[in-house]
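> okay, here's the prediction I keep looking at, along with the sequence it came from:
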Amino acid sequence: MLLSLGCKPRSLLLASILLGLGGCALAPGDTQRDDPLIGQIIDTRSGEAITEAALLERMASADVVYLGESHDNADHHAKQKQLLEALVAKGFKPALGFEFFDVGQTGYLQQYVSGQASMMQLHVGGKAKQTPEQRLRRQLGWEQRSDRDWGFYFSLIEVAKQHQLPIFGADLPAGIKLRLSRVGSDGLNPVESHQLVRLQNDHADYRQLMYQRFRDGHCGWGEEPLLTRLYQTWNARNNRMAQSIVQMAAASEGGPVVMILGNGHTEYNRAVYGQVEYLNPGLQQLNLALQPITIEPAPLADYLEPARVGDTDFGARHELLWFTPRHSYIDPCASLNKPGG
């Protein structure tokens, strides 16, 4: 069963949980390979391929559409933009949400999309006028991130601006995520704790699945009580994103909520997907993962194999898989598993 994340060295354990499991990528520079699955869109329930036109029809009939990604995969972001623009071309005005921005940053995103700016905003500390993009990047705290990473998400924000789409950040603030990972939910002060969304998360088999995912994704490393704190952080983030999605879906009149997030947040129709269903069972959700091929060639059956933990059959990872090249084909754990590594 394909449970291993296989994408982060041990030193990035905390960062991977704060940014989102299932959305990681490796360093570029290694050799790409051909794979017959690349470009295919597979319905995991039937195991059959569907066309892009059929995918778009399913998106158009949904209330919530997840466009799951590996965060550093350029192919994934290009396809997200392609699908968003295709929805708009069909006459929809979907609401666009992001894992990578938090709920408190929604105002900055919406203000940029609206195109409204005061004269005071055009000057920062007496310095030369910033462009609207530069100002937004500063407001969102992305000045220290690479231009490449910023470009991935800004291109989607620009689509929202061009077509005046509702836009929102969905995640917890970075400070709360950091505190949860350091002290756990019991260590938060009342103001911090008040920012959490309390939903049902007590599922022993899913907890064990995620503990194993945390370990596999970090070359076998991971011990208590760290795993407990990371699991609390994981659940808190998914709960917050789910509530953000449900709130936007309730107000949407022009099309589905299109959510940009790491693949791990909707795997097995759990996490964000499951909590949206818990909050509003009437919403029709479409779970699409932009799926990088595995490092070593694998048949389609391997990708469709269900996960089983304890007494629970979690089924296939996602409803739809759109296969893409990887960002890298280097196994980061290989050197750690060598003698002396």
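Okay, I see it.
> can you show me the helices along the stretch 151-300 of the chain?
Under the criterion DSSP state H, counting those that start in this stretch, the stretch 151-300 of the chain contains helices at 174-183, 190-194, 204-216, 226-251, 272-279, 300-304.
> quick one: contacts of the fifth one?
Translated: helix 272-279. 64, 66, 199-200, 238-239, 241-243, 245-246, 259, 261, 265-266, 269, 283, 285, 287 (C-beta atoms under 8 Å, 6 or more residues apart in numbering). Every residue, glycine included, has its C-beta placed from N, CA and C.
> buried ones among these?
Listed as buried from those are 64, 66, 199, 238-239, 241-243, 245-246, 259, 261, 265-266, 269, 283, 285, 287; burial here means 16 or more other C-beta atoms under 10 Å.
> just checking, residue 97 is part of a helix?
No: Residue 97: not assigned to a helix; according to DSSP: H, G, I helix; E, B strand; the rest coil it is strand.
> any idea how far it is from residue 67?
10 Å (C-beta to C-beta, to the nearest Å).
> anything in contact with each of the two?
258-260.
> what score does residue 222 have for pLDDT?
On pLDDT, residue 222 comes in at 71.
> wait, isn't it in contact with residue 210?
No: using C-beta atoms under 8 Å, residue 222 makes no contact with residue 210, being 10.6 Å away.
> what about the two, which has more around it?
residue 210 (22 against 18; other C-beta atoms under 10 Å).
> give the contact list for the more buried one.
Contacts for residue 210 were tallied using C-beta under 8 Å, 6+ apart; they are 231, 234.
> ok, residue 87 next?
Contacts of residue 87 by C-beta under 8 Å, 6+ apart are 56, 59-60, 94, 255-256, 258.
> please repeat the previous calculation with a cut-off of 10 Å.
56, 59-60, 65, 93-94, 159, 163, 165, 254-256, 258 (C-beta atoms under 10 Å, 6 or more residues apart in numbering).
> okay, and the common contacts of residue 222 and residue 210?
Joint contacts of residue 222 and residue 210 (C-beta under 10 Å, 6+ apart) are residue 230.
> show me the shaky parts of the stretch 1-150 of the chain.
1-31, 117-128 (pLDDT under 70).
> could you redo the last one with a cut-off of 80?
1-32, 116-128 (pLDDT under 80).
> which stretches in it count as helices?
13-19, 52-60, 74-89, 106-114, 132-139, 147-163.
> could I get those as a markdown table with distance to residue 296?
A markdown table is the format used below for the helices of the stretch 1-150 of the chain (distance: least, C-beta to C-beta, whole Å):
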| stretch | distance to residue 296 |
| --- | --- |
| helix 13-19 | 22 |
| helix 52-60 | 27 |
| helix 74-89 | 19 |
| helix 106-114 | 40 |
| helix 132-139 | 38 |
| helix 147-163 | 27 |
